[in-house]
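A.B. asks: sequence and predicted structure are below.
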Amino acid sequence: MDKQEYLDFSKYNRIVIKVGSAIITNNYDIDEDKINQIAQDVYYLNKQNKEVLIVSSGAVACGMKVLNIKKKPDSIPLRQALASIGQPYLMSIYAKAFARYSINTSQVLISIEDILSRKRFLNAKNTFEALFGLKVVPIVNENDSVAIKELMFGDNDSLSSHILNLIEGNLLIILTDVDGVYNKDPKLYKDSTLIEIVTQEETWLKSLKGKSKLGEGGISSKIKSAFIASQGGKTAVITNGKRQNPIKSLIFDKAFPKTIFLPNDYVKSKVYWINNCLSLGKLYIDNGAFESIKNRKGLLAKGIKTIEGSFSKGNVVDIVFENKRVAKGIVNYDSTDIEKIKGIHSSQISSILGYKAQADVISTDNIILVNADKGEPYAKLH
Ligand SMILES: Nc1ncnc2c1ncn2[C@@H]1O[C@H](COP(=O)(O)OP(=O)(O)O)[C@@H](O)[C@H]1O
Ligand SMILES: N[C@@H](CCC(=O)OP(=O)(O)O)C(=O)O
């Protein structure tokens, strides 16, 4: 397929645009003109009946601007305070820019827990559906000011690849301050070259590192997120948001510099979710249980030998056999309850737990098998 075909925008109806801190700022100032250009580009997309969601960084940078702080502090509580000062300021700039085109915006702050719990994930999905129904452009950021260090996205690149799945979008555009992915940092090496097309095989890219002064994620989190999207059957593009009207340019100028991650086969939203969700625990199973899940049956309590981790119903866990992760799945019980029922026949579960419970610990349609040698999900749902 011709590479430009992947940027035939007629194929995409839901688009996530990720705007990095490097785009929001200009020499420590907030680049309002850039946000105006983005609003103009989104207006154009809306006119073409495309729904657009923006994942925007910049809360910390805006907080620094409000308090006239020039260097990003290392202290996490201070950064969280800056995010809480900067977030409403950031939103006010977006609201003003989009109002010029009579577009309403909304703020949605997401915590990693909203992604890790299936119930909260689906709840957020309903909110976004309602917002799209109201013709609003949602502006999403991580809920920085209350996030816990050990349990946060930290960078919005990762968040954007999850949000893309949450809204079942089909194109992810990551705007940063360089033209795309280079073989080495273009700001440090004049002889670096732009990589225009990336297929699933080019995993060596995952070893690239480096970031700007304000950014959290750097190029590695952009590459990782673009791989997640493309492995999930969606197109991902990393391009230069510093250029004039970057989205419209991407549409109309075939020579506009960019890196395109070619999409794999389509993957159902639930599979994408299980594949990319952080596993919060491990269930060690016996041979009988392994045979069962290979034969597309659910995981019963009887086949669970030991458990590890603290998790809740609706979280994703690893299923481990002979010290190898063989599957991932969504649990029907909290870890404390699985501890009580492991090794037990299903008929006894209700009397042990004191409530009417599901027969299997993980239902058959909530398990994905993993390539045990590579440790990578097959991306196939039972
Ligand atoms: N191989 C590479 N290709 C592209 N950019 C790279 C590479 N290595 C490091 N970088 C740096 O990554 C930066 C973009 O990441 P980041 O600072 O997180 O931006 P953002 O704020 O947009 O998320 C660029 O400014 C660039 O200098
Ligand atoms: N949530 C943070 C974004 C963190 C960050 O810098 O992300 P990025 O620029 O996308 O690497 C903020 O709004 O400041």
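C.D. replies: Done, it's in. Ligands and ions are numbered 1, 2, ... in the order given.
A.B. asks: ok, now which ones touch the residue nearest to Val198 when sequence neighbours are not counted?
C.D. replies: Nearest residue to Val198, sequence neighbours excluded (CB to CB, 6 or more residues apart in numbering): Phe261, at 4.6 Å. Heads up, the C-betas are built off the backbone N, CA and C, glycines and all. Contact analysis of Phe261 by CB atoms under 8 Å, 6 or more residues apart in numbering lists 198, 226-227, 229-230, 235-238.
A.B. asks: state the pLDDT value of Phe261.
C.D. replies: As summarised for this prediction, Phe261 has a pLDDT of 95.
A.B. asks: name the residues of the helix or strand containing Asp337 that are buried.
C.D. replies: Assigned by DSSP states H and E, Asp337 falls within helix 335-341. For helix 335-341, the neighbour count (16 or more other CB atoms under 10 Å) marks 335, 337-338, 341 as buried.
A.B. asks: show me what that helix is packed up against.
C.D. replies: strand 304-309, helix 349-353 (3 or more CB pairs under 8 Å, 6 or more residues apart in numbering; DSSP states H and E).
A.B. asks: 10 Å - rerun?
C.D. replies: strand 281-285, strand 304-309, helix 349-353, strand 360-362 (3 or more CB pairs under 10 Å, 6 or more residues apart in numbering; DSSP states H and E).
A.B. asks: what strands flank whichever helix or strand comes after the last one, and is each parallel or antiparallel?
C.D. replies: It refers to strand 360-362. Note on strand 360-362: by DSSP H and E, the next helix or strand toward the C-terminus is strand 367-371. According to DSSP bridges, strand 367-371 has the following sheet partners: strand 324-330 (antiparallel), strand 376-381 (antiparallel).
A.B. asks: what's the closest non-adjacent residue to Ser230?
C.D. replies: Going by CB to CB, 6+ apart, Ser230 has Phe261 as its nearest residue, at 4.0 Å.
A.B. asks: nope, Asn104 is what I meant
C.D. replies: Using CB to CB, 6+ apart, the closest residue to Asn104 is Val136 (4.7 Å).
A.B. asks: and for Leu208?
C.D. replies: Leu208's closest residue in space is Ile219 (CB to CB, 6+ apart), at 5.4 Å.
A.B. asks: cool, and Leu353?
C.D. replies: Asp337 (5.7 Å).
A.B. asks: for the one you found, what are its contacts?
C.D. replies: 301, 312-313, 331, 349, 352-353, 355, 357, 361 (CB atoms under 10 Å, 6 or more residues apart in numbering).
A.B. asks: which of those residues sit farthest apart?
C.D. replies: Ser312 and Ile352 (18.6 Å; CB to CB).
A.B. asks: neighbour-wise, which of the two wins?
C.D. replies: Ser312 (18 against 13; other CB atoms under 10 Å).
A.B. asks: got the contact list for that one?
C.D. replies: So Ser312 contacts 113, 116-119, 280-281, 331, 333-337 (CB under 10 Å, 6+ apart).
A.B. asks: top of the residues you listed by number of neighbours, please.
C.D. replies: Going by other CB under 10 Å, Val331 tops those with 27 neighbours.
A.B. asks: my guess is Ile17 contacts Val42. True?
C.D. replies: Yes - counting by CB atoms under 10 Å, Ile17 sits close enough to Val42 to count as a contact (7.3 Å).
A.B. asks: what do these two both touch?
C.D. replies: Joint contacts of Ile17 and Val42 (CB under 10 Å, 6+ apart) are 52-54, 137, 247.
A.B. asks: so which of these sit within helices?
C.D. replies: Ile247 (DSSP state H).
A.B. asks: in strands, which of the shared contacts of Ile17 and Val42 appear?
C.D. replies: Residues of these located in strands (DSSP state E): 52-54, 137.
A.B. asks: doesn't Thr239 belong to a strand?
C.D. replies: Yes - counting by DSSP: H, G, I helix; E, B strand; the rest coil, Thr239 is part of a strand.
A.B. asks: that one pairs with what?
C.D. replies: Beta bridges link Thr239 to Leu175, Lys258 when assigned by DSSP bridges.
A.B. asks: what residues does this structure put near ligand 2?
C.D. replies: Within the chain, the positions near ligand 2 by CB under 6 Å from any ligand atom are 20-21, 57-61, 83, 141-142, 144, 155-157, 214-217.
A.B. asks: nearest residue to Leu109 other than its sequence neighbours?
C.D. replies: Leu109 sits nearest to Asn143 (CB to CB, 6+ apart), 3.9 Å away.
A.B. asks: quick one: end-to-end distance for stretch 20-34.
C.D. replies: 12 Å (CA to CA, to the nearest Å).
A.B. asks: any part of it near ligand 1?
C.D. replies: Yes - using CB under 6 Å from any ligand atom, stretch 20-34 reaches ligand 1 at 20-23.
A.B. asks: just flag the most distant two among those.
C.D. replies: Of all pairs in these, the most separated under CB to CB is Ser21 and Ile23 at 7.3 Å.
A.B. asks: and Ser347, what's its pLDDT?
C.D. replies: 90.
A.B. asks: and the residue nearest to Leu109, what's its pLDDT?
C.D. replies: So Asn143 comes in at 93 (pLDDT).
A.B. asks: over to the one 3 residues further on?
C.D. replies: Model confidence at Val146, expressed as pLDDT, equals 83.
A.B. asks: what segments of the stretch 101-250 of the chain are helices?
C.D. replies: According to DSSP state H, counting those that start in this stretch, the stretch 101-250 of the chain carries its helices in the segments 112-116, 118-133, 156-166, 218-231, 246-252.
A.B. asks: Thr193 reaches Pro186, doesn't it?
C.D. replies: Yes - in terms of CB under 10 Å, Thr193 counts as a neighbour of Pro186; the distance is 8.8 Å.
A.B. asks: which one's more surrounded, the two?
C.D. replies: Pro186 (19 against 10).
A.B. asks: distance of that one from Thr176?
C.D. replies: Look at Pro186 and Thr176: by CB to CB, to the nearest Å, they are 11 Å apart.
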